[in-house]
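> Following is a predicted model, sequence given first.
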Amino acid sequence: ETGVTQSPTHLIKTRGQQVTLRCSSQSGHNTVSWYQQALGQGPQFIFQYYREEENGRGNFPPRFSGLQFPNYSSELNVNALELDDSALYLCASSLQGGSYEQYFGPGTRLTVT
Amino acid sequence: AQKVTQAQTEISVVEKEDVTLDCVYETRDTTYYLFWYKQPPSGELVFLIRRNSFDEQNEISGRYSWNFQKSTSSFNFTITASQVVDSAVYFCALSASYDYKLSFGAGTTVTVRA
């Protein structure tokens, strides 16, 4: 069984640029959630995708957007990067919804300078 | 709204000591789920346990045990005979049954010294 994978591992961008992060879900999982984890804090929910549709969204501005593909992999796009966007971005896959266990990938460390 | 409080920021113990991590939650939902995750220095969150609100039985898995008390809205986690490999940040999280997200606490950093 293949676990959740994310790419890239690390990324450095300049303020104002755009970034795309990628996630492949665990085999058999149809739901992908994205979280932002600032240094020293707990993960904060960004949004969730279920069967290629956004299934819920946290308190993040519209410049955070996403996609889910037919194979259930997902992308997180962030436009107009700000310094505060520097964080660990975690992707989690699950079987539909928050009540099921969410299995996390290793994360992408984004640094905005 | 869901809220999870982990009042202990950091805990440092010597190997073989027991360590208990506190988790207090707030929710208006009657059906909800509680989770514990471990985050080692590598950064990946590792799922440890899920407990639903109707199951107040305590659970033991090896050196790990969990104490769920609905009356005090607590879901505490104990590591017995701690080992250096237990050093990590531990997060408690909450989800409503109809919800799509996990609400995490701020985490407790556990350091086990040899």
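Thanks, I have the structure now.

> Please count neighbours and contacts with C-alpha atoms only from this point.
Noted.

> can you tell me which residues contact the nearest residue to residue B:64 once chain neighbours are set aside?
Nearest residue to residue B:64 in three dimensions, chain neighbours excluded: residue B:79, at 4.8 Å (CA to CA, 6 or more residues apart in numbering or on different chains). If you count contacts by CA atoms under 8 Å, 6 or more residues apart in numbering or on different chains, residue B:79 has them with B:18-20, B:63-65.

> give me the number of residues near the nearest residue in space to residue A:23 that is not next to it in sequence?
Among residues not flanking residue A:23 along the chain, residue A:6 sits closest, at 4.5 Å (CA to CA, 6+ apart). For residue A:6, the neighbour count with other CA atoms under 10 Å in any protein chain shown is 23.

> So residue A:6, which state does it fall into?
At residue A:6 the chain is in strand, as set by DSSP: H, G, I helix; E, B strand; the rest coil.

> So it is in contact with residue A:22, correct?
Yes - between residue A:6 and residue A:22 a contact is recorded at 5.6 Å, counting by CA atoms under 8 Å.

> Per-residue pLDDT of residue B:39, please?
Predicted confidence (pLDDT) for residue B:39: 96.

> isn't it right up against residue B:45?
Yes - Residue B:39 is within contact range of residue B:45, at 4.6 Å (criterion: CA under 8 Å).

> Does residue B:92 touch residue B:8 like I think?
No - if you go by CA under 8 Å, residue B:92 and residue B:8 don't touch, sitting 11.7 Å apart.

> out of those two, which sits in the busier spot?
Neighbour count, other CA under 10 Å: between residue B:92 and residue B:8, residue B:92 has more, with 30 against 15.

> Check the spacing between the residue nearest to residue A:23 and residue B:89 real quick.
For residue A:6, the distance to residue B:89 equals 21 Å [CA to CA, to the nearest Å].

> what does chain B put close to chain A?
B:32-33, B:42-47, B:50, B:91, B:95-107 (CA under 8 Å from any CA of the partner chain).

> Show me what the lowest-mean-pLDDT helix or strand in chain B is packed against.
Comparing every helix and strand of chain B by mean pLDDT, DSSP states H and E singles out strand B:59-61 as the least confident one, with a mean of 88. In this structure, strand B:59-61 makes packing contacts with strand B:64-69, judged by 3 or more CA pairs under 8 Å, 6 or more residues apart in numbering or on different chains; DSSP states H and E.

> Does anything pack onto the strand it packs on? Which helices or strands?
strand B:59-61, strand B:74-79.

> give the contact list for the closest residue to residue A:63 other than its chain neighbours.
Closest residue to residue A:63 apart from its sequence neighbours, by CA to CA, 6+ apart: residue A:79 at 5.1 Å. Listed by CA under 8 Å, 6+ apart, the contact set of residue A:79 reads A:16-19, A:63-64.

> roughly how far apart are residue B:103 and residue B:114?
Distance, residue B:103 to residue B:114, using CA to CA: 33 Å.

> Residue B:3 now?
Residue B:3 is 35 Å from residue B:114, by CA to CA.

> Compare these two and say which one has the larger neighbour count.
Set side by side, residue B:3 and residue B:114 show more neighbours around residue B:3, with 14 against 10, by other CA under 10 Å.

> ok, that one touching residue B:26?
Yes - using CA under 8 Å, residue B:3 is in contact with residue B:26, at 5.0 Å.
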